[in-house]
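> Provided below for reference: sequence and predicted model.
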Protein chains: 2
Amino acid sequence: MQKRYLFTPGPTPVPPEVLAATAEPIVHHRGLDFREIYERSLARLGEVYCTSSPVLLFSASGTGAMDSAVTNLTAAGDRVAVVVAGAFGERWTKICAAYGLDVQRIDYAWGEVPDPVEIGSAVAESGVDLVFCTQSETSTGVVADVQAIKAAVGEATLVVDAVSSLGAVPLETDAWEIDVAVSGSQKALMCPPGLAMASVADHLWERLPSSRSFYFDWRATRKAQEAFDSAFTPAVSLIRGLDVALGMLLDAGLEAAFERHVRLGRATRAGVKAMGLELFSPDDDSSAVVTAIRTPEGIESPALLRHLRERHGVTLAPGQGALKPNVFRIGHIGWFDIFDIAAALAALELALTELGADIERGAAVGRAFEAYEQHVTA
Amino acid sequence: MQKRYLFTPGPTPVPPEVLAATAEPIVHHRGLDFREIYERSLARLGEVYCTSSPVLLFSASGTGAMDSAVTNLTAAGDRVAVVVAGAFGERWTKICAAYGLDVQRIDYAWGEVPDPVEIGSAVAESGVDLVFCTQSETSTGVVADVQAIKAAVGEATLVVDAVSSLGAVPLETDAWEIDVAVSGSQKALMCPPGLAMASVADHLWERLPSSRSFYFDWRATRKAQEAFDSAFTPAVSLIRGLDVALGMLLDAGLEAAFERHVRLGRATRAGVKAMGLELFSPDDDSSAVVTAIRTPEGIESPALLRHLRERHGVTLAPGQGALKPNVFRIGHIGWFDIFDIAAALAALELALTELGADIERGAAVGRAFEAYEQHVTA
């Protein structure tokens, strides 16, 4: 009977309309019923990506789309640069290493914001023509300025991990000339996990090498999608959900989603600071996707999360890597509103008090609402 | 308002209990709520596979598990043998070719039943030590005797495509010493598409080469699963469905499922023959998964399927490859019972009559029931 609350940055809560759509009777993937859903989903994905290039859709975790970018853009021995400022930057390096690439790391401390000018210089000096980066580094709460990074790397192909950012913060794929952006269904797109996508700019297609992956072959995927078909039986029920979720997102408007994410980030930061906690993620409006917070003196993050989960049914996310003991994260990606943040803050305040932490009580939720109420001025 | 009937061999109809489970609120993949579901699903998969070896679970189409077998068992230039007797045997050759393997085809005409003795001789002569085959060739309705094939190829590693057969016909992975068997969620496992699995015999692990795929890396997947974790965010909602579906299958018993599939195959064949139609798939109890049927003189399969779909809301499956114009298929995999077959036959009879075919009317459903009522003697 204990109610469950999911405040994690992926998988994220999914609207009941979307869940209901995923539970509709199965349709055949080559029949007309599905074709209509598929065609509309692909068109909506293009709108969310702000691109007229094809957005390839895979039945896979988001990492599958990352894998596809490496296996479709490189040959073993190629030199590439990877911007690393957290767990998902590290994931790019692992994928690149697995495929035998010569990786030049452009390293930042976890929590630091990557500097486009530095990245541009590093890329120019090394002469690499393929750069991997992360728009929203979910492990730290940092959102990088990928528009400026693309401008700084110039002619080099830029591949952006937009898994937790697409639909949460602006990503103008065509206007910013982002060459490849990969994403997943289970973040701001408000769907269950299991679908991954990759936008591939038109100019790349002519000079693509042969895919090093059969399952994630971009050319075969594109060819099938152009006929509103799919190379292999796709996750039809998840695509039904995606169609509904993207419809909800676009009906409300991307700008409204971006503004909501900024304000939810503000509210979360104001609330945790009101308790006297220290932020790990940046204390500014760029950090609109997930808020990373240091635990107070004497409290370890795993114990706090276990207490929240067992006593109160509330799931927050742990710190990743070296941040595991002393950092935890509140996600506000996708189907979140201010009342979710109020509940998360109230639960956090209660749990910390129960664990004997020395925090300010009674102020967090009120401060969160104050911060939320200020509209974003563009 | 038109009711829809799905009689295809994948995706197959999914029980409402399973659909409802996939629509439950999302849980975090690293939380205790999911761990319980995940642990039980993996254990149930082992029971369905009749194996004590790990069954690796991927968020992907069934073809993803096929890809994983090639990328984890081979290096470029390796010589392998592939038994080809239909579209899914061809798929093995395409995957092997994409990964630079030297493929020795062991060819059968589409619709022919592969001969284990011949396969054993061909493998012995060529000296290859890795063989790919298909248990249920969904394009033709042929079910191969993979127990005999394994006995015939001896020391060679045998990889079985069990995508449409697992849970429909016996597959005793350990007892038959099947080295690798890959499958998918959307056939006899009664789930939506989006999950793929691969059993990997214990003796293979020591001598596995490095995976050629990052996403489908067997070692990384196994390591994560041993801790009831997953390498990447898995399709949690589909795994919830899988847990429920496998529970239903095991509660009723695998033997009951196998007997039901044999009897549904009998019923389908008896019904179509009563109309005067000619079978493409074998007219014996081995063909328990899908029944392939030739269209009568003057009727093309695409027109028949379009008519069934548009006029009556009934979806059957087309012929694949060269069989497209004159063959169609009725699936009876997974969540099917005799009343589904009755409906499929009644719709087929009506549609053929409407299209002017010269068929026997009024006998098909009755003959199907007669055939169904005979119990299988082991």
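Good, I have the coordinates.

> in chain A, where's the longest helix?
Counting by DSSP state H, the longest helix found in chain A is helix A:254-274.

> mean confidence score for it?
Helix A:254-274 comes out with an average pLDDT of 98.

> how about it, which residues are buried there?
Residues of helix A:254-274 classed as buried: A:254, A:257-258, A:260-274 (neighbour count, 16 or more other C-beta atoms under 10 Å in any protein chain shown). All C-beta atoms are positioned from the backbone trio N, CA, C, and that covers glycine.

> which strands or helices does the helix or strand just after that helix pack on?
With elements assigned by DSSP states H and E, the helix or strand that comes after helix A:254-274 is strand A:278-279. Judged by 3 or more C-beta pairs under 8 Å, 6 or more residues apart in numbering or on different chains; DSSP states H and E, strand A:278-279 is in contact with helix A:254-274, strand A:290-294.

> identify all contacting residues around strand A:278-279.
Applying C-beta atoms under 8 Å, 6 or more residues apart in numbering or on different chains, the contact partners of strand A:278-279 are A:269, A:272-273, A:291-294.

> quick one: closest of the helices and strands packed on strand A:278-279 to chain B.
Nearest of these to chain B, taken as C-beta to the nearest C-beta: strand A:290-294 at 13.4 Å.

> is chain B contacted by that closest one?
No - using C-beta under 8 Å from any C-beta of the partner chain, we find that strand A:290-294 stays clear of chain B, coming within 13.4 Å at best.

> partner strands of that strand, with direction?
strand A:278-279 (antiparallel), strand A:327-331 (antiparallel) (DSSP bridges).

> these two touch, right, A:Phe216 and A:Thr63?
No - in terms of C-beta atoms under 8 Å, A:Phe216 does not count as a neighbour of A:Thr63; the distance is 10.7 Å.

> overlap in contacts of those two?
With C-beta under 8 Å, 6+ apart as the test, A:Phe216 and A:Thr63 both reach B:Tyr215.

> who has more neighbours, the two?
A:Phe216 (31 against 23; other C-beta atoms under 10 Å in any protein chain shown).

> isn't A:Cys50 up against A:Ile178?
No - shown here, A:Cys50 and A:Ile178 do not form a contact pair, counting by C-beta under 8 Å, at 9.3 Å.

> count the residues that sit near A:Ala175.
Residues near A:Ala175, counting by other C-beta under 10 Å: 11.

> surely it and A:Ser52 touch.
No - judged on C-beta under 8 Å, A:Ala175 makes no contact with A:Ser52 at a distance of 11.0 Å.

> and the residue in the stretch 1-150 of chain A that chain B sits nearest to, how far is that from B:Ser52?
As assessed by C-beta to the nearest C-beta, chain B sits closest to A:Ala23 within the stretch 1-150 of chain A, at 3.6 Å. Applying C-beta to C-beta, to the nearest Å, the value for A:Ala23 to B:Ser52 is 34 Å.

> these two: which has the busier surroundings?
Shown here are A:Ala23 and B:Ser52; by other C-beta under 10 Å, A:Ala23 has more neighbours (22 against 12).

> check what pLDDT the closest residue to that one other than its chain neighbours gets.
Nearest residue to A:Ala23 in three dimensions, chain neighbours excluded: B:Ala23, at 3.6 Å (C-beta to C-beta, 6 or more residues apart in numbering or on different chains). pLDDT, B:Ala23: 98.

> phi and psi next, for B:Ala23.
phi -100, psi 10 (degrees, to the nearest 10).

> quick check: the gap between it and A:Glu47.
26 Å.

> how close does the residue most central in space within chain A get to chain B?
By C-alpha atoms, centre = their mean, chain A has its centre lying nearest to A:Ser164, at 0.6 Å. In this view, A:Ser164 and chain B are 11 Å apart by C-beta to the nearest C-beta, to the nearest Å.

> same check on A:Met190?
From A:Met190 over to chain B (counting by C-beta to the nearest C-beta), the distance is 10 Å.

> I'd say that residue and A:Leu250 touch.
No - if you go by C-beta under 8 Å, A:Met190 and A:Leu250 don't touch, sitting 11.7 Å apart.

> so the two - more neighbours on which side?
A:Met190 (27 against 15).

> quick one, what contacts the more buried one?
Counting by C-beta under 8 Å, 6+ apart, the residues that A:Met190 touches are A:12-15, A:18, A:167, A:245, A:248-249, A:334-335.

> mark which of those are buried, thanks.
A:12-15, A:18, A:167, A:245, A:249, A:334-335.

> including secondary structure, could those residues go into TSV?
Output for these, formatted as TSV (DSSP: H, G, I helix; E, B strand; the rest coil):
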residue	secondary structure
A:Thr12	coil
A:Pro13	coil
A:Val14	coil
A:Pro15	coil
A:Val18	helix
A:Gly167	coil
A:Ala245	helix
A:Leu249	helix
A:Gly334	coil
A:Trp335	coil
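
> what subset of those residues is also close to chain B?
Among these, chain B is touched by A:12-14 when using C-beta under 8 Å from any C-beta.

> I'd like those residues written out as CSV, with distance to A:Val113 and pLDDT added.
Putting these into CSV (distance: C-beta to C-beta, whole Å; pLDDT from 0 to 100) gives the following:
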residue, distance to A:Val113, pLDDT
A:Thr12, 23, 97
A:Pro13, 28, 97
A:Val14, 30, 98
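
> closest to A:Glu226 among the residues you listed?
Within these, proximity to A:Glu226 (C-beta to C-beta) peaks at A:Val14, which comes in at 29.4 Å.

> OK, contacts around that closest one?
A:190-192, A:241, A:245, A:335, B:25-26, B:237.

> same thing but at 10 Å, please
A:6, A:21-22, A:185-186, A:189-193, A:241, A:244-245, A:334-335, B:23-26, B:237 (C-beta atoms under 10 Å, 6 or more residues apart in numbering or on different chains).

> those residues of the stretch 251-378 of chain A touching chain B, which are they?
Contact residues (C-beta under 10 Å from any C-beta of the partner chain) of the stretch 251-378 of chain A with chain B: A:305-306, A:309-310, A:313, A:315-318, A:331, A:335.

> now these: which count as buried?
Neighbour-count burial (16+ other C-beta under 10 Å) applied to these gives A:305, A:309, A:315-318, A:331, A:335.

> dump those to JSON lines, plus secondary structure.
Below are these laid out as JSON lines (three-state DSSP):
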{"residue": "A:Leu305", "secondary structure": "helix"}
{"residue": "A:Arg309", "secondary structure": "helix"}
{"residue": "A:Thr315", "secondary structure": "strand"}
{"residue": "A:Leu316", "secondary structure": "coil"}
{"residue": "A:Ala317", "secondary structure": "strand"}
{"residue": "A:Pro318", "secondary structure": "strand"}
{"residue": "A:Gly331", "secondary structure": "strand"}
{"residue": "A:Trp335", "secondary structure": "coil"}
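
> rewinding a little: looking at the strands paired with strand A:290-294, which is buried most?
Mean neighbour count (mean count of other C-beta atoms under 10 Å in any protein chain shown) peaks for strand A:327-331 among the strands paired with strand A:290-294, with a mean of 27.

> that concludes my questions; thank you for your assistance.
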